[in-house]
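Visitor: Turn this into a model:
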Amino acid sequence: MKVAVLAIILLSLMLFVSPAALSASQTSFNGASSAVQQAFVAVQSAGKDSGNVTSLVTELNVALTLIQNASLENSTKPAQADSDLNSALAIAQRVQASAATVGHQGIAARQFQFDLSVGSAIAIVGIAIALYVYGDRIYYRLWLRMYGSHVVRKGGG
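Guide: Numbering: from 1, shown residues only. This is a model prediction of the structure:
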């Protein structure tokens, strides 16, 4: 869900930024937008690997907001627009670098979950086999402990 929202924001940003680049160089906008797109692809890949990409998506949203702000303030405050674009570029690069680590953590967590499930299944099957083989002995020993002291008397009647 978050990835779809991010994709929609990214596409709307591309349509919004393209005609608006007046004072800041078009290459600055293209570079920042390209870096955000590459980071988005990296985050999407980390999400497919079961990584927790929530913080990365939040950072990408900040980068997209900075790019939108830069396009809005480009004609009035070009220095601020360049600063916003540079910040967005740095955030996108940081997100792209972190996405690989998050993806590896997701793969490791998924492998641990699989190993835990297999181990639990083996333990359950082992207990079931042990109860099948030794169940009668266990039952009789428990019965003897509980009722072994009872004496049956002949009733006269």
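
Visitor: how many other residues sit next to residue 27?
Guide: Residue 27: 11 surrounding residues under other CB atoms under 10 Å. (Each C-beta comes from the backbone N, C-alpha and C, glycine too.)

Visitor: Would you mind naming the helix or strand containing it?
Guide: Secondary structure assigned from DSSP states H and E places residue 27 in helix 26-48.

Visitor: other SSEs contacting that helix?
Guide: Using 3 or more CB pairs under 8 Å, 6 or more residues apart in numbering; DSSP states H and E as the contact test, the elements touching helix 26-48 are helix 2-17, helix 54-72, helix 78-147.

Visitor: secondary structure class for the residue nearest to the spatial centre of the chain?
Guide: With distances taken as CA atoms, centre = their mean, residue 52 lies nearest the centre of the chain, 2.1 Å away. Reduced to three states with DSSP: H, G, I helix; E, B strand; the rest coil, the structure at residue 52 is coil.

Visitor: Report the contact partners of it.
Guide: 102, 105-106 (CB atoms under 8 Å, 6 or more residues apart in numbering).

Visitor: how close does it get to residue 104?
Guide: Counting by CB to CB, to the nearest Å, the separation of residue 52 from residue 104 is 12 Å.

Visitor: repeat for residue 93
Guide: With the distance defined as CB to CB, residue 93 ends up 19 Å from residue 104.

Visitor: Of the contacts of residue 52, which is the most crowded?
Guide: Counting by other CB under 10 Å, residue 102 has the largest number of neighbours within the contacts of residue 52, with 23 neighbours.

Visitor: That residue against residue 45, yeah?
Guide: No. Applying CB atoms under 8 Å as the test, residue 102 and residue 45 come out as separate, 9.7 Å apart.

Visitor: ok, so what distance separates residue 142 from residue 100?
Guide: According to CB to CB, residue 142 and residue 100 sit 56 Å apart.

Visitor: For those two, work out which one has more neighbours and name it.
Guide: The residue with more neighbours, out of residue 142 and residue 100 and counting by other CB under 10 Å, is residue 100; that gives 14 against 10.

Visitor: Check what pLDDT that one gets.
Guide: What the model reports as pLDDT for residue 100 is 93.

Visitor: Find the residue ranges of this protein scoring beneath the pLDDT cut-off.
Guide: Applying pLDDT under 70 to the chain picks out residues 1-24, 156-157.
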